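Enquirer: Sequence plus the predicted model coming up.
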Amino acid sequence: MSHLFLRRIAFTALLVFIFGAIFFAAQAYRADQPGIGTAQHETNEESVRRIVRELLREKPEIVGEALRALMAREQLAETEKQQMNLKARAAEIFDDPGSPVSGNPEGNVTIAEFYDYNCPYCKKSHADLMAMISEDGNIRFVHKEYPILGPGSLFAAKAALAARKQEKYEVFQSALMDYPGKLDDWSVMDVAADAGLNVSQLEKDMEDPLLDADLARIRALAKSLGIDGTPAYIINDRLIPGAVPIKSIQEIVAELRNGNDDKG
């Protein structure tokens with residue numbers, strides 16, 4: 001279903017809601033104005049139209065109130081739907097064996113990040129995020145390799161996952177994030193060598209078809225959650241799309257701990 005079609009449906013629903021609200025407000029207004037529409041021979045439709053015009057002249061803010069009420073209702077419904085979806089897919093998000101885990105494996109809050117090594121926002125926030133997780137000491141961090149920015153990103157993601165066989169995923173992952181330029185096949189291997197990996201072995205390990213399966217699962221998961229950009233964070237049962245200040249993540253973590261939420 002196209003976004004245009006969905007927008008048309010939403011717009012139609014909005015109009016129905018607004019004019020429905022105006023109609024009922026007009027009826028209430030009419031009840032308070034006994035002289036309106038009683039002595040005149042108008043049809044009900046003409047009467048309501050006239051009352052609506054008078055009501056809008058006297059209370060134009062009613063349209064804004066109706067819009068805000070609809071937006072609040074839709075936001076609440078969307079949030080509830082999103083949280084149900086996150087809970088239903090908690091195992092895919094947090095416990096997929098193809099998604100490396102760092103931080104404290106027994107942490108009382110879990111953060112999953114969908115990222116791309118060529119995403120400037122991912123790269124910019126990486127060092128601060130890792131520092132926060134290290135300083136906190138009680139956060140479980142799940143890496144979701146989500147290469148959406150071209151072949152170089154895909155190659156980097158496969159290389160990073162393959163580095164697990166040499167037990168160098170975390171050091172290599174951080175080195176890729178710290179790389180200042182756009183990553184391609186050659187630069188990924190240069191970073192691997194600098195990070196202490198056996199490049200020949202890495203190339204062989206990257207041929208493992210399980211890596212493609214791991215990345216395919218993450219892509220399917222992201223699609224099911226409506227994640228189409230990077231970075232995106234899932235903190236327990238909350239989805240935070242896009243880059244956010246580290247302080248905001250810390251505040252969410254503290255709020256979840258105070259509420260004794262679990263990871264789903």
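Expert: Yep, that arrived. On a predicted model such as this, the values are computed, not experimentally measured, just so you know.

Enquirer: Go ahead and list the helix or strand containing the closest residue to Ile240 other than its chain neighbours.
Expert: Of all residues not flanking Ile240 in the chain, Tyr233 sits nearest, at 4.4 Å (CB to CB, 6 or more residues apart in numbering). In short, each C-beta sits where N, CA and C put it, glycine included. For Tyr233, the element it lies in under DSSP states H and E is strand 232-235.

Enquirer: Give me the contact list for that strand.
Expert: 86, 93, 109-114, 146, 222, 225, 239-242, 244, 249, 252-253, 256 (CB atoms under 8 Å, 6 or more residues apart in numbering).

Enquirer: let's see it at 7 Å
Expert: Identification of contacts with strand 232-235 by CB atoms under 7 Å, 6 or more residues apart in numbering yields 86, 93, 109, 111-114, 239-241, 249, 252-253, 256.

Enquirer: Quick one: name whatever helix or strand follows it.
Expert: With DSSP H and E, the next secondary element past strand 232-235 is strand 238-241.

Enquirer: in the stretch 151-264 of the chain, what spans have low per-residue confidence?
Expert: Regions of the stretch 151-264 of the chain meeting the criterion pLDDT under 70 cover residues 260-264.

Enquirer: What segments of it are helices?
Expert: 151-162, 169-178, 185-194, 199-205, 209-225, 246-258 (DSSP state H, counting those that start in this stretch).

Enquirer: Tell me which of those helices sits nearest to Arg68.
Expert: helix 246-258 (24.4 Å; CB to CB).

Enquirer: can you list the domains in the protein?
Expert: Following automatic domain parsing, one gets these domains for the chain: 3-86, 91-258.

Enquirer: The last one spans what distance, first to last residue?
Expert: The reference is to domain 91-258. 23 Å (CA to CA, to the nearest Å).

Enquirer: Asp237 versus Phe172, what's the distance?
Expert: Distance, Phe172 to Asp237, by CB to CB, to the nearest Å: 30 Å.

Enquirer: quick one, which of those two is more surrounded?
Expert: Counted by other CB atoms under 10 Å, Phe172 and Asp237 do not tie: Phe172 has more neighbours, with 25 against 19.

Enquirer: and the domains of the chain, which is most packed in?
Expert: domain 91-258 (a mean of 18; mean count of other CB atoms under 10 Å).

Enquirer: picking up where we left off before, what pairs with the strand holding Tyr233, and is each one parallel or antiparallel?
Expert: strand 109-115 (antiparallel), strand 238-241 (antiparallel) (DSSP bridges).

Enquirer: can you put the ones you listed in JSON lines and add distance to Lys59?
Expert: JSON lines is the format used below for the strands paired with strand 232-235 (distance: least, CB to CB, whole Å):
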{"stretch": "strand 109-115", "distance to Lys59": "46"}
{"stretch": "strand 238-241", "distance to Lys59": "37"}
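
Enquirer: Of all those, which one is nearest Val199?
Expert: Ranking the strands paired with strand 232-235 by proximity to Val199 (CB to CB) places strand 109-115 first, at 23.1 Å.

Enquirer: who touches the spatially closest residue to Ala159 that is not a sequence neighbour in this structure?
Expert: Excluding the flanking residues, the one nearest Ala159 by CB to CB, 6+ apart is Val188, at 5.1 Å. Applying CB under 7 Å, 6+ apart to Val188 gives the contacts Phe155, Ala156, Ala159.

Enquirer: just for the stretch 1-150 of the chain, where's the confidence low?
Expert: For the stretch 1-150 of the chain, the ranges with pLDDT under 70 are 1-45, 48, 62-63, 66, 70, 72, 74-80, 82.
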